[in-house]
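Novice: Need coordinates for the below:
(one chain, ligands or ions: 4)
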Amino acid sequence: MKKVVLSLGIVFMLGTLAVSQFSFYPIDNFENGKFAEGAKWWRFGDLKVEAVKNVYAEQPPDLIAESCGEYALQLKGQTNDWYVGGIGTELGLDASSYSRFQIDVYGDNIWQGKLKVEFFEDDNGNYNIEQDPQNQYEPVFDDKWVVEIQIQGEGYTRVSIPFSAFRDVNPKVGDDIWNPDQKNGSGGLQKLQLVAISENQKGMMNLRVDNLLLTY
Ligand SMILES: [Ca+2]
Ligand SMILES: [Ca+2]
Ligand SMILES: [Ca+2]
Ligand SMILES: [Ca+2]
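Specialist: Ligands and ions are numbered 1, 2, ... in the order given. You can find the predicted model right below:
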């Protein structure tokens, strides 16, 4: 009986390994200790962005804080009119086999607010998101999908959002269908942006993000 339990255990372990190996697409965990502006990321608005050392208590253990490793990305800034600024990165992948976006967010006890997560997917088959500089760089031919994360107080909160919760914010632009695949010439899921919005019209923000990934 012991043997059966043991081998079941091994089968389970192998199963978990196999799944964990193929079940996510890492976007960034900032463990290289810097914000790769210009290379991997771009930045906009009045947000000060830098990779900072994680400090967390070992007792009691916090597994999510520990999974954030040595560095996280700090986003800091102030505003007189809600919007603080944001960061973005190119994805350029077929995301049809994933179903969720996951991110760890470290809040602040005084300054909270929202983090908008924006996905752009190519609908006119050219591996590109054409944006209109006359209209706040909104897409011209492609869908833009948005959710808002409410930032909590101090400590890491792990947020896992199903793609089904994202909302197409540009009806009649693109095809208004969530189709982040690379079929029929489409570039699929092209871009991700995170935009920081203050809790008060005039306010500050101070948060950290880490372990950005796509998963099942
Ligand atoms: Ca990290
Ligand atoms: Ca396009
Ligand atoms: Ca649309
Ligand atoms: Ca679409």
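
Novice: Quick one: residues contacting Trp111.
Specialist: By C-beta atoms under 8 Å, 6 or more residues apart in numbering, the residues touching Trp111 are 198-199, 203-206. Just so you know, the C-beta spots here come from the backbone N, C-alpha and C atoms, and that holds for glycine as well.

Novice: 6 Å instead?
Specialist: Taking C-beta atoms under 6 Å, 6 or more residues apart in numbering, we find Trp111 in contact with 204-206.

Novice: Can you give me the neighbour number for Ile161?
Specialist: By other C-beta atoms under 10 Å, the residues close to Ile161 number 16.

Novice: Which secondary structure element is home to it?
Specialist: Assigned by DSSP states H and E, Ile161 belongs to strand 155-162.

Novice: The longest strand seen in the chain - contacts with which helices or strands?
Specialist: The residue-count maximum for a strand in the chain (DSSP state E) belongs to strand 203-215. Judged by 3 or more C-beta pairs under 6 Å, 6 or more residues apart in numbering; DSSP states H and E, the packing partners of strand 203-215 are strand 24-28, strand 71-79, strand 100-107.

Novice: so where is the chain shaky, pLDDT-wise?
Specialist: Scanning the chain for pLDDT under 70 picks out the ranges 1-22.

Novice: How about the residues of it by ligand 1?
Specialist: Selection of the chain residues close to ligand 1 by C-beta under 5 Å from the ion yields 29-30, 68-69, 71, 210.
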